[in-house]
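Novice: model this:
(chains A and B, ligands or ions: 3)
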Amino acid sequence: MTIDGQKVDFAPGETIYEVARRLDRDVPTLCYDPRLEPFGACRLCVVEIEGQARPVASCTTKATAGMVVRTVTDALEAHRRTLLELVISENRDSGDAFGAGTPAHVDPLRGASSQELSTLAARYRVRPGRHAGAHSGHSRRDDDNPFILRDYDLCISCYRCVRVCDEREGDHAIHVGGRGFESRILTEFEGHLADSSCTFCGQCVQTCPTGALADKKALRAVDLPGELTKTRTICPYCGVGCSVDIVTKGDRMVAVQPAFDGPANEGALCVKGQFAWDHVQHDERLRTPLVRGADGVQRPATWDEALDRAADGFRRAAAEHGAKAVYAIASGRAPHESAYTIQKFIRAGFGTNYIDNCSRA
Amino acid sequence: MSNPLADMEKPDAILCIGTNMTECHPVAATRLKRAVAKGARLVVADPRRIPLADLAELYLPIRVGSDTALLLAMAHVIAEEGLVDEAFIAERTVGYQTLREHLRQFTPDWAAPICRVSPAHIAKAARIYAGAGRAAIYYTLGITEHICGVDNVQSLCNLALMTGNLGKEGAGINPMRGQNNIQGAGDCGALPVNFPGYQPCDDPEAAARFSQLYGREIAPERGITKVHALDLAAEGRMKAMLICGENTVVSDPDRNHCEHALRNLDHLVVVDLFPNETTALADVVLPATAWGETDGVYTNTERRVQRVRAAVPPQGDARPDWWIVSQLARRLGLAGFDYESAKDVFNELCSVSPTYAGLDWDRIDRGEYQWPVPDKDHPGTPILHRDGFKNGRGRFNMITYRDPAEVVDDEYPVWLTTGRRLEAYHTRTMSGRAAGMDYLLSEESLEVHPDDVATLGLVDGGFARVTSRRGSVVLRVRADDTSPRGTVFCSFSFGDVPVNVLTGGGYDPVTFTAELKVCPVRVEPAEPPA
Ligand code: SF4
Ligand code: SF4
Ligand code: FES
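Specialist: Ligands and ions are numbered 1, 2, ... in the order given. Predicted structure coming up:
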């Protein structure tokens, strides 16, 4: 087939969009998430096919041999712009307390995909208000769950949240009710998420292209100064080993977002990996070594004092009672470098294999 | 796991036993749900009607601690009905005839009263598993935390070997590791029986090699397990201990014994993130850097070696574990602890471990490798045992059934089983401090079947005293038919409900894993705790 004048091979079953992506063609999308079944609702991804009168959605149309495709023409771009204007008129200035303001400014703290609509709006120079439609008024700000903000004034009915919940999570916690300007994402009985089958995995938040579903915990940091930075790492909880990005502002950890290219999770997370990260900078952290005094009370000490004392105790135990009077338990939560040095400490220091880890608990 | 996580979407049949995957490994469970949606046949065996059970074609509510009996009877059906993979047995295993003879006695009729499920259901489970082109087994601590944990695992191996479900895509025997780096701790040699890379401590050659590497004569003999070490401490024969990142007092079975053991030490050094019940007993407490502050490596449950990275500076004076331990070692005059970074440590590990020999810090940057990676040209090993087993042929194990260490009787008539919950992790040192988690789960409760609530004189939402042969705790009652009649459940995540006061009736004789899944108790109404 040919895309924008370039000849290209494709695999059976590949869509035009997927092939175009491989060629680095920047076809705009809104209802598309590579992990989900193609949906074909937003029609932003339309392309022209030679010999066909109407443009087709590239995310749902399979590539076929000999196809000649154009992804950018004046007509397509105008069409996309009109579509975006329509979409954005639905998604009016919500002027909310989190300072999100117009669709052109959605705080990236809201979620991993939250910038998609506003980026496209900027690219097509679409300003809100041209089609000032009815304000849907379906925000569920009253949902008091601490994790997920439901700000449906920003919703464009792309169904990505619903589809991720069904297709990827298998939880079926949410569905769409109403039509057009009235459509909104509902739970069973239109209640709060906590009363539904929602597990707060946050997947709907992270796929939402507008910030209509947003990370409430992250939004606490809206007013913190500093650039958002992401650091790729692995979730510290269970053995699945999901890849995540830690989001920081300056020296503060402000959110966790899933890594869509993580080999173990392909963008999925559970409530722990997604939302349970704030032990790290918690007030109760141990910040200084402690040494127990003769009176039995633990007191802050310098590293030198503490390490001397710690080393002395092991030296004395081995000297007085033999190498087999010393034992170490490594952690199944700390990184390799912890377990490796601890086992080496025992083996090199005492010549025994008196070492274990916490897997038995 | 013998197979990668991605394979969870590929089996034709799935046996989940002793794994509450949707709560304990939620993201892995999403793959399983997709497999089922695509038509995979799912068999779930678990004493509790866990969420997975609702997705299953066949759910077997087996009595706690009866797994071996179920697996033996399934093997019996597979052998008797000839549902085996003859070619695989001939080419890759030894001892099948002996196993066949051995299995004759373990009929479904024999197992049914032990497991409290019908013989027909046992046979059906066997036929679903053995009848599939690709059948995969997933399990967790529900299999291992028993006095017969090793027997259970070996029984699962028998099933996979009989049916040729090892060394191929979408199959395998797949334990799901509970902690982020428990696999890694083992890989690194933090075991009494293995040096780094699972080289046996009692192998004189390995011992000689590490003696040489570490500059100290290491006796070619196994060390002792943590359980044994704590016993020695309680007797006053173990004197000094270094504990890293484990709240032993809360997480280990038989809390009173454990606390006594640690108090009895002359010297206890604890490296941790937060003050807790165990740091409180320490002579020296050393503050470690947390996840997000530490560069390093984790290995996940599918043996994938992945980098973790520091995103924020450490709190206060906290330091990485490797730095702390190296400083200790240097103070004892040990050579070989001059690391300047986590990278130095990891690269040394790769140089002494055959399973990591092809890896180094830079190669694992994107987490593409699953060990073993024996050399630099090796692509890694997503599926184990593809071309053979480590020791040549797969060996069948002649397992028999044993009752749990403690069984219900007139005095302790109710089975208690323990586990994890989705919203809490371990002893909640981490998840309990995360804002919002209390909204989902703010306290521990005892899950009691609604019909038992009345029989036991309890009130839903009221309190119960749970007493075992070792101690008792008081906690709130929650009527819930997830647990069957005669069995109650709670997690070990909440410090104010120290469930480990109760557990610890027995240990697997090989691994010394405590029988945390089975503990006969007495349940009585109680006043709310003060
Ligand atoms: S809430 Fe977000 S993801 Fe869901 S339909 Fe609306 S815009 Fe799409
Ligand atoms: S996000 Fe959930 S499933 Fe993934 S590693 Fe973390 S705890 Fe496990
Ligand atoms: S992305 Fe193709 S129709 Fe929305």
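Novice: average pLDDT across stretch A:61-69?
Specialist: Across stretch A:61-69, the average pLDDT comes to 95.
Novice: for stretch B:92-109, same thing?
Specialist: 95.
Novice: what are the buried residues along that stretch?
Specialist: Within stretch B:92-109, the residues that count as buried by 16 or more other Cβ atoms under 10 Å in any protein chain shown are B:92, B:93, B:95, B:96, B:99, B:100, B:102, B:103, B:106, B:107, B:108. In short, each C-beta sits where N, CA and C put it, glycine included.
Novice: closest to ligand 2 out of the residues you listed?
Specialist: Ligand 2 lies nearest to residue B:92 out of the buried residues of stretch B:92-109, by Cβ to the nearest ligand atom, at 33.3 Å.
Novice: give me the neighbour count for residue 60.
Specialist: In the absence of a named chain, this looks at chain A. Burial measure for residue A:60: 18 neighbouring residues, criterion other Cβ atoms under 10 Å in any protein chain shown.
Novice: oops, chain B please
Specialist: Neighbours of residue B:60 using other Cβ under 10 Å come to 24.
Novice: beta partners of it?
Specialist: With DSSP bridges applied, residue B:60 shows beta-bridge pairing to residue B:45.
Novice: check contacts around it.
Specialist: By Cβ atoms under 8 Å, 6 or more residues apart in numbering or on different chains, the contact list for residue B:60 reads B:43, B:44, B:45, B:46, B:70, B:115, B:117, B:121, B:122, B:125.
Novice: take the residues you listed and keep only those in helices.
Specialist: If you go by DSSP state H, the contacts of residue B:60 have B:70, B:115, B:121, B:122, B:125 in helices.
Novice: just flag the most distant two among these.
Specialist: Across the ones in helices among the contacts of residue B:60, no pair lies farther apart than B:115 and B:125, at 10.5 Å, counting by Cβ to Cβ.
Novice: and the chain, what are its domains?
Specialist: Looking at chain A here, since you left the chain open. Following automatic domain parsing, one finds the domains of chain A at A:2-105+A:116-123, A:225-285, A:290-360.
Novice: sorry, should have said chain B
Specialist: With automatic domain parsing as the reference, chain B has domains B:5-176, B:182-364, B:414-526.
Novice: hey, least reliable of those domains by pLDDT?
Specialist: The minimum mean pLDDT among those belongs to domain B:414-526 (a mean of 86).
Novice: so what's the gap between that domain and the chain middle?
Specialist: Distance of domain B:414-526 from the chain centroid (Cα atoms, centre = their mean, to the nearest Å) equals 18 Å.
Novice: what about it, near ligand 2?
Specialist: No: judged by Cβ under 6 Å from any ligand atom, domain B:414-526 makes no contact with ligand 2; its nearest approach is 7.2 Å.
Novice: closest to residue A:237 out of the domains of chain B?
Specialist: Nearest of these to residue A:237, taken as Cβ to Cβ: domain B:414-526 at 5.3 Å.
Novice: quick check, the closest one touching chain A?
Specialist: Yes: contact of domain B:414-526 with chain A (Cβ under 8 Å from any Cβ of the partner chain) involves B:422-423, B:425, B:429-437, B:439-440, B:511-514.
Novice: mind listing what's buried in the helix ranked longest in chain A?
Specialist: Scanning chain A for the longest helix, with DSSP H as the assignment, gives helix A:303-321. Within helix A:303-321, the residues that count as buried by 16+ other Cβ under 10 Å are A:303, A:306-311, A:313-315, A:317-318, A:321.
Novice: now do the phi/psi pair for the residue in the stretch 1-150 of chain B that ligand 3 sits nearest to.
Specialist: When you check the stretch 1-150 of chain B against ligand 3 by Cβ to the nearest ligand atom, the closest residue turns out to be residue B:34, at 22.1 Å. In terms of degrees, to the nearest 10, the main-chain angles of residue B:34 are phi -70, psi -40.
Novice: count the residues that sit near it.
Specialist: The tally of other residues near residue B:34 (other Cβ under 10 Å) stands at 16.
Novice: chain neighbours aside, what residue packs nearest to whatever residue of the stretch 51-200 of chain B ends up closest to ligand 1?
Specialist: Among all residues of the stretch 51-200 of chain B, residue B:51 sits closest to ligand 1, at 24.4 Å; criterion: Cβ to the nearest ligand atom. Distance criterion Cβ to Cβ, 6 or more residues apart in numbering or on different chains; nearest residue to residue B:51, sequence neighbours excluded, is residue B:22 at 4.4 Å.
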